[in-house]
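In: return a 3D structure for these sequence lines:
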Amino acid sequence: MNGLMIVGTASDVGKTMICTALCRLFSNEGVQVAPFKSQNMSGFSETLADGREISRSQFQQAEAARTEPIVEMNPILMKPGEDMKADVLFMGVPLERVDGQYFRKEWFDKGLETIQQALDYLSDHYDMLIIEGAGSTAEVNLMDRELTNMRVAELADVPVLLVADISKGGAFASIIGTLQLLSEERRRRIKGIIINKFYGDASYFEDGVQFIEDYTGIPVVGVIPILENHGIPEEDMDRETLPAMEGIDVYEQWATHVKKHINWPLIQTMLE
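Out: The predicted structure is shown next:
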């Protein structure tokens, strides 16, 4: 399968926005690209023309990719509700309200089958998949039955980029800790690291980049400064974003910003 997966050291490191940028950048190269997130926990969804629902983030990523949003781009949607339970939607259709433990126990096999079918459909109809992970990819207590991160990368057999948020501090420890908690086989699948949400002049972080590359043996493929006024709505929380300038294509502005701060040629070679 031709594609690239973006996983994170934690939730809210910027995976969704980086996938959005990559969808637009590959579209700009003339590639027929589709977003994919196997399982999304989000209260924000969009209703498709056929009445089924997918998460807002994959809907926006499809817009960035200049393609029609379809349910295969987000085959499992979990909408958080009361009492630590969530409404589960498979292929955009509501099934039942369950808690996380019940879902892991009772829905793992059906979830895996549904994810594989969605991946196969997208692979047959698109040139490239940009796959988004969920939360942290190193939640060791959940790895045996997770349906969102490195298992999906293995199903799709795609290279992976690891994203860390430097704005909250602890990026070095989160990167190295994440890599050490992965199996050797899964660690080898990580082909690059992105430092996201950088404040200030990224050239001042060259020593940090050198340390990460020397310690991990994995290239840092981008140090992306924060862009406050990107104008793209939040994907899964009520958090205001500054509006973009009037008349701006928000996906093009964001993709241009990201491309300026990543090693785009190196990322492209990972897909050859």
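
In: show me which residues of the helix or strand of the chain with the lowest mean pLDDT are buried.
Out: Ranked by mean pLDDT, DSSP states H and E, the weakest helix or strand in the chain is helix 100-106, scoring a mean of 87. For helix 100-106, the neighbour count (16 or more other CB atoms under 10 Å) marks 103-104 as buried. Where C-beta positions appear, they are placed from N, C-alpha and C, glycine not excepted.

In: name the helices or strands packed onto that helix?
Out: Packing contacts for helix 100-106, counted by 3 or more CB pairs under 8 Å, 6 or more residues apart in numbering; DSSP states H and E, involve strand 85-90.

In: can you pull the buried residues of the strand it packs on?
Out: For strand 85-90, a neighbour-count test (16+ other CB under 10 Å) marks 85-86, 88-90 as buried.

In: which single one of those residues is nearest to residue 272?
Out: Nearest to residue 272 out of these is residue 90 (CB to CB; 34.5 Å).

In: ok, residue 217 - how many residues close by?
Out: Neighbour count for residue 217, taken as other CB atoms under 10 Å: 9.

In: ok, now the one 10 residues further on?
Out: A count of nearby residues for residue 227, using other CB under 10 Å, gives 19.

In: and for the one 4 residues further on?
Out: Residue 231 is flanked by 18 other residues according to other CB under 10 Å.

In: could you do residue 219 as well?
Out: 16.

In: list the contacts of it.
Out: By CB atoms under 8 Å, 6 or more residues apart in numbering, the residues touching residue 219 are 191-193, 213, 263, 266.

In: okay, those in CSV with distance to residue 145 and secondary structure next?
Out: Converted to CSV, those look like this (distance: CB to CB, whole Å; DSSP: H, G, I helix; E, B strand; the rest coil):
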residue, distance to residue 145, secondary structure
191, 26, strand
192, 27, strand
193, 27, strand
213, 33, helix
263, 35, coil
266, 34, helix
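
In: which ChimeraX command selects the buried ones in these?
Out: Applying 16+ other CB under 10 Å to these leaves a buried subset, and the ChimeraX line that selects it is:
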select :191,192,193
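
In: now the helices for the stretch 151-272 of the chain?
Out: Counting by DSSP state H, counting those that start in this stretch, the stretch 151-272 of the chain has helices at residues 171-181, 184-189, 206-216, 250-260, 264-269.

In: rewinding a little: identify, from the contacts of residue 219, the entry nearest to residue 176.
Out: When the contacts of residue 219 are compared for distance to residue 176 (CB to CB), residue 193 wins out at 10.2 Å.

In: so for that closest one, what's the pLDDT?
Out: Note for residue 193: predicted pLDDT of 98.
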